[in-house]
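**Q** Attaching a predicted model along with its sequence, questions to come.
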Amino acid sequence: MEPLVEEIERSFQEVERQLADPDLFTDQKRGVAVSREHSRLKQAHDLAVRWRELQAELLEAAELLDDDEAEIREMAKSQRAAAEAELPEVEESLRMSMVETDPNDHRDVIVEIRPGAGGDEAAIWAGDLTNMYLKYAQRAGLKVDIISLQDSDAGGYKEAFFSVAGADAYSKLKWESGVHRVQRVPSTETQGRIHTSTASVVVRPELDEVEVDLRMSDVRRDVYRSSGPGGQSVNTTDSAVRLTHEPTGIVVTCQNEKSQLQNYESAMRVLRARIYEVELEKQNAELGEQRRSAIGTGDRAEKIRTYNYAESRVTDHRIRLTLHQLDRVLQGDLQDLLEALRQEELRTKLAEKFGEA
C-alpha cells in the first residue's frame with residue numbers, strides 16, 4: 001500500500017503544480033482535463049492522508065502498549081482496535097480511487113438503434129428498445145434530443161438516432177452497445193409460436209468539432225426531398241441531408257427536421273461520433289486482447305442481452321445476471337442491470353491493476 005500512497009502523493013503534487021500555471025487555461029481543453037484530474041486526485045489524496053494518519057496511530061498505540069500505566073495501555077488497545085477497523089475500508093477506497101476511468105464517461109452520447117434478424121418484428125423490437133431508453137433517460141434526469149427516426153411500415157423503426165445529455169451520460173449508457181435479443185409471440189402470429197428477433201444498439205460518446213480529425217473536403221453532402229414526418233413543407237423542399245465520409249465510406253442521413261440546416265447539423269453530430277468510433281476501434285486493436293473488458297468488447301455484433309416475454313425474464317449474458325423484471329426494465333428501470341455491469345467493470349479493473357480476483 002505504501003507505493004500506491006506515494007504514487008498518489010506524487011501525482012497530486014504534479015497536478016497542483018499544473019493548476020498553478022497561469023498559462024493553463026489559455027488551452028481550454030487542457031485546462032478542463034487538468035481540473036477534472038485534480039478533482040479525482042483530491043479524493044485519492046484525502047484518503048492517502050487518512051491512511052498515513054492511521055499508520056501513525058497504530059505505531060503510537062504499539063509504543064503505548066508497553067506503558068507502565070494500565071489506563072494508558074487500555075487507551076492504546078482502543079486506539080489500535082479503532083485504527084485496525086478503519087484501515088481496510090480506507091485501503092479499499094484507495095485502490096478504487098486509482099482505477100483508471102474511461103475518459104469519455106463524462107460525455108453526452110449518441111444512441112443508434114437498428115433492427116437485426118426477424119423482419120418486421122425486429123423493427124418493432126427496435127422501437128420498443130428506443131422507448132425503453134427514452135424512459136430510462138427521463139427517470140435518470142437526462143435530456144433526450146431526437147436526431148432521426150425512420151418509421152417501419154409494420155411499426156417500430158428501421159433506424160433511430162437520438163442524443164442523451166446530462167451528468168456522466170456515457171458512463172451510464174456505455175454498457176448498452178451490442179445485440180439485444182427478444183423472445184416473444186408477435187401480435188401477427190396466429191398460432192402462438194414464439195419468435196426470436198434482434199436489434200443492435202450502439203452508444204457513442206458525443207465529441208466537439210475540435211476533438212475529431214474531420215476534414216470537410218472529405219465529406220460529400222447531398223440533399224433530397226424528405227419522405228419522413230414534418231408536414232407538407234418537408235416533402236416539397238430538399239430538406240433531407242445525406243453525408244458521405246469518403247475515406248471511410250460512412251454514410252449518415254437525416255430528414256426529421258423541416259430545415260435543411262438543422263438536418264445537416266444533426267447529421268454532422270452523428271458523423272463525428274462514427275468517425276471517432278472507427279479511430280477508437282483501431283487503437284483498441286493495436287492495444288491487443290489484454291485491454292479488452294471482461295464484460296464485453298462493446299462490439300455491435302456481440303449478443304449482450306435476452307428479453308424473454310413468456311418468463312418475464314431479462315438475462316445479461318456478459319455477467320450472467322437474470323432478472324424476472326421484464327415489465328420494469330422495458331419501462332426504463334435499468335438501474336439494477338447498469339449497476340451490476342459497473343461493479344463488474346470495477347472488479348475487472350482492480351484485478352488488472354492490483355492482481356486481485
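**A** Okay, I see it.

**Q** Residue 189 reaches residue 120, doesn't it?
**A** No. If you go by C-beta atoms under 8 Å, residue 189 and residue 120 don't touch, sitting 11.3 Å apart. Placement of C-beta: from N, CA and C, glycine included.

**Q** Compare those two (neighbour count), which wins?
**A** Remark: of residue 189 and residue 120, residue 120 carries more neighbours, 16 against 12, as counted by other C-beta atoms under 10 Å.

**Q** where does that one land on pLDDT?
**A** You'll see residue 120 listed with a pLDDT of 91.

**Q** isn't it right next to residue 157, touching?
**A** No. Using C-beta under 8 Å, residue 120 makes no contact with residue 157, being 11.6 Å away.

**Q** Show me what counts as buried in the helix or strand hosting residue 261.
**A** Element membership for residue 261 (DSSP states H and E) is helix 260-287. By 16 or more other C-beta atoms under 10 Å, the buried positions in helix 260-287 come out as 260, 263-264, 266-277.

**Q** ok, so of those residues, who is nearest residue 41?
**A** Nearest to residue 41 out of the buried residues of helix 260-287 is residue 276 (C-beta to C-beta; 26.5 Å).

**Q** And that closest one, how far from residue 165?
**A** Residue 276 sits 17 Å away from residue 165, going by C-beta to C-beta, to the nearest Å.

**Q** again, but for residue 53
**A** 41 Å.

**Q** cool, residue 311 as well?
**A** 35 Å.

**Q** swap in residue 3?
**A** Applying C-beta to C-beta, the value for residue 3 to residue 165 is 40 Å.

**Q** neighbour count winner among the two?
**A** Counted by other C-beta under 10 Å, residue 3 and residue 165 do not tie: residue 165 has more neighbours, with 14 against 7.

**Q** Model confidence score at that one, please.
**A** Residue 165 is assigned a predicted lDDT (pLDDT) of 93.

**Q** I'd guessed it sits against residue 107; true?
**A** No. With contact defined as C-beta under 8 Å, residue 165 does not count as touching residue 107 (9.2 Å).

**Q** Which residues are in contact with each of those two?
**A** Common contact partners of residue 165 and residue 107 (C-beta atoms under 8 Å, 6 or more residues apart in numbering): residue 206.

**Q** Out of the buried residues of helix 260-287, which is nearest to residue 173?
**A** Lowest distance from residue 173 to the buried residues of helix 260-287 (C-beta to C-beta) belongs to residue 273, with 13.0 Å.
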